[in-house]
Structure formats: structure tokens, C-alpha cells
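1. whatever this is, show me its structure:
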Amino acid sequence: MIWLWSEYFRAIPHLQQSGVLKNFALETEGDFSGQYQVVAKRYYSPDRRVIHPAAPVVGHFNDLAYVSNIDLLLAKDVFSSSEQAKTVDFEQTQRCYQFQLASTSPLAAQQVIANTLNISTIAASEQIAQRLRRVKAGQRIVLRGEWVKVRSVSTGQYFQINHYPLPANNCRIVRVQQLQVLD
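-> Numbers count the residues shown, from 1 in each chain. Model prediction:
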């Protein structure tokens, strides 16, 4: 029960918070939109424990979790509704996913890659942050936003989330402007 309460009260950063805007720069790389089924949702915390991760007085903002602390593993509707999708086992290490196909799976790895996506979400507003908090695995959602690159203002360094052999488009950062839960 304690875990549930900590998830409920977890601070979800968003771009209307001064601490976030002061310490991170976002560069838009293109538009993002689509209808997906949420396969998994995962929270991240900065290495350092703080009362509120987006407070402007915290100090060093050297972790992507200060601006993006929710990742969503998404599947395209056609793929997620198929029985074949149940033959794939997903595992998330760091901020990007890996998958194993069951020995009986009729799927090829390329089919899984073409129909799945892991996004590190950045909420454009407090309202979007609250909607992201309530998203659950198994729900169908519509997302709209932009692909972004995130840079630390203090160090000038870009945050990388894809350290695995998946194509770069399968594991990216998205600024979420709109989120609608369909079911």
C-alpha cells in the first residue's frame, strides 16, 4: 500500500515549472502523433533524492528524470490486438526497451520493431502531467506532440536514452502536448 501512495503523490515535472524551464533546453525535431496501446509504464527518479524534483532551488539538474520521469512502451493498435503480440516479452533496462521472442512466436524481430515504440515523456503542462500519471498499461491512447532533444543548460550536454541496438526512432523523447485516453 505504501508503494501505491508514493506513486500517487510522485511529482511529475512539466514545462510550466520554472525549475524545469531554467535548467533544460528542448529542441524540436518534428511532429509526433498516433493512436497506441500502452504496453507498460515506468517511473524514473533522479539519482539524488529531493523533495520536489522540479523545484528551482534544488541545485544540480544532471538527470533526465528532472524533466521526464515517465516512460511509456507503446504498441500500434493492429499489433497490440493480435494474438502474436502475446509471444513477445518486453524488458526495460535503463530508459529503452529490449524484447525476447518466444520460441513459438511467428513474429520476426523487424515486425516487433516496426510496431512498438518507447517514449520518455515530457509533459507540456500540469494538466498533461496529471493525465500521464493516470495512464495505465492496457489502455488505448491518442498522443500528439513533438520529438525533442533535451540539453542541460548548465553543461550543454544532450541527454541520450537509446544505448541499445534498436533503431533510434524506437526509443526517443517526446514533448506531449495532447493526451486522450480512449478506453
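2. got a list of contacts for the helix or strand where Leu73 lies?
-> Using DSSP states H and E, Leu73 sits within strand 70-76. Identification of contacts with strand 70-76 by C-beta atoms under 8 Å, 6 or more residues apart in numbering yields 12, 34-44, 85, 90, 92, 95, 97, 115-121, 132-133, 135, 141, 143. C-beta coordinates here come from the backbone N, C-alpha and C atoms, glycine included.
3. which among those residues end up buried?
-> Among those, the ones that count as buried by 16 or more other C-beta atoms under 10 Å are 12, 36-41, 85, 90, 92, 95, 97, 115-121, 132-133, 135, 141, 143.
4. check this protein for its longest strand and report it.
-> strand 24-43 (DSSP state E).
5. helices along the chain, start to end?
-> Applying DSSP state H to the chain gives helices spanning 2-8, 18-23, 77-80, 109-115, 126-134.
6. can I get those helices in JSON lines with distance to Gln157?
-> Output for these, formatted as JSON lines (distance: least, C-beta to C-beta, whole Å):
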{"stretch": "helix 2-8", "distance to Gln157": "29"}
{"stretch": "helix 18-23", "distance to Gln157": "12"}
{"stretch": "helix 77-80", "distance to Gln157": "35"}
{"stretch": "helix 109-115", "distance to Gln157": "28"}
{"stretch": "helix 126-134", "distance to Gln157": "25"}
